[in-house]
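Peer 1: build me a structure from this.
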Amino acid sequence: MSVTPSPLITIGFDGIPYRVSPGRTLLAALEEADRQFVRGVGCRGGVCGACTVLYRLPDSHALIAGLLCQDEVRDGMEILSLPYIPQKKATHQLTLAVGDSPEYHVLNLYPEVNHCIMCGECTRLCPVGIDVMAYVGMIKRGDLRGAAQASFTCVQCQACVLRCPSSISQPNAALAARRFYGRFRDAPAEHLTKAVEKLASGYYRALFRRVRRLDPVEFQALYQRREREPDDAPPGTWLPEDRTLI
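Peer 2: Residues are numbered from 1 along each chain as shown. Below you'll find the model as predicted:
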């Protein structure tokens with residue numbers, strides 16, 4: 001018994017109309033329609049933030065930020081790709097002068113966070129649901145621990161930077177908060193210390209030499225067989241069966 005295919009829908013991408021299959025991610029639908037991507041696409045798993053897009057739906061005035069590899073096609077949507085968004089990147093080292101504090105140092109790197117007017121546009125646009133305005137407030141108050149935790153799932157898509165009336169580079173300010181909190185305030189991670197020691201001992205050299213000798217087909221098969229942490233695993237509880245690399 002044959003199955004009748006779903007009717008195609010129309011979407012606009014960078015001003016060009018495409019007829020695509022429903023029920024697909026934007027990326028899958030556009031690639032099926034022979035749109036080739038040479039930039040602006042990365043992990044394809046919603047982690048790297050490289051495939052940031054803005055779009056509007058025909059039944060709404062709202063401008064929405066999303067990811068090509070995560071958001072689903074809707075009939076009549078108009079999409080603009082944003083492979084790169086300029087933002088401030090303050091050069092810094094993970095060091096502090098005598099009498100300096102990590103909280104003050106992060107504010108000194110990104111003083112524009114003090115000009116946040118709490119409009120909430122950054123939070124509204126975030127495609128992964130982070131309360132961006134909240135962690136900006138935490139940085140202002142010197143709560144690096146809170147800012148580090150609240151921004152931990154940021155994929156650096158930079159959509160929040162686009163609409164900020166105070167010109168704050170929220171993702172980079174949050175990254176500085178995580179770095180300085182981890183370096184100067186958080187307790188050292190025992191498992192990370194052990195991993196660094198194993199790396200320095202040369203433990204991984206033979207493993208990587210073996211991987212480099214694999215041909216492309218063998219390497220792809222090894223990658224596809226890899227163990228992946230279940231999405232519903234409580235943090236810090238899952239370990240792979242093959243613990244060679246940990």
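
Peer 1: would you point out which residue is most central in the chain?
Peer 2: Val155 (1.2 Å; CA atoms, centre = their mean).

Peer 1: next, the nearest residue to that residue once chain neighbours are set aside: secondary structure please.
Peer 2: Counting by CB to CB, 6 or more residues apart in numbering, Val155 lies nearest to Gly49, which is 3.5 Å off, once chain neighbours are set aside. Any C-beta I mention is one placed from the backbone N, CA and C, and that applies to glycine too. Secondary structure, DSSP: H, G, I helix; E, B strand; the rest coil: Gly49 is coil.

Peer 1: list the buried residues for the longest helix anywhere in the chain?
Peer 2: Counting residues, the longest helix in the chain under DSSP state H turns out to be helix 170-184. Within helix 170-184, the residues scored as buried using 16 or more other CB atoms under 10 Å are 170-182, 184.

Peer 1: pLDDT below threshold where in the chain?
Peer 2: For the chain, the stretches flagged by pLDDT under 70 are 1-5.

Peer 1: which residues are in contact with the longest helix of the chain?
Peer 2: The contact list for helix 170-184, computed with CB atoms under 8 Å, 6 or more residues apart in numbering, reads 87-90, 92, 94, 96, 102-103, 105-106, 109-110, 113, 122, 132, 135-136, 138-139, 144-145, 147-148, 151-152, 154, 156-158, 160-161, 164.

Peer 1: next, count neighbours for the residue nearest to Val155.
Peer 2: For Gly49, the count of nearby residues is 18 (other CB atoms under 10 Å).

Peer 1: contacting residues around it?
Peer 2: 42, 67, 154-158.

Peer 1: do that again at 10 Å, thanks
Peer 2: 42-43, 67, 127-128, 154-159, 171 (CB atoms under 10 Å, 6 or more residues apart in numbering).

Peer 1: still on that earlier bit, what's the offset of the longest helix of the chain from the middle of its chain?
Peer 2: 15 Å (CA atoms, centre = their mean, to the nearest Å).

Peer 1: same deal with stretch 32-46?
Peer 2: Distance of stretch 32-46 from the chain centroid (CA atoms, centre = their mean) equals 15 Å.

Peer 1: which residues of the protein fall in helices?
Peer 2: Counting by DSSP H, the helices of the chain are 26-32, 102-109, 121-125, 132-141, 144-150, 159-162, 170-184, 190-200, 205-212, 216-224.

Peer 1: so which bits of stretch 100-118 are buried?
Peer 2: Along stretch 100-118, these residues count as buried under the neighbour rule (16+ other CB under 10 Å): 102-103, 105-107, 109-110, 112-113, 116.

Peer 1: so Val132 sits against Ser169, correct?
Peer 2: No: at 11.4 Å, Val132 does not count as touching Ser169 under the criterion of CB atoms under 10 Å.

Peer 1: no more questions from me, cheers.
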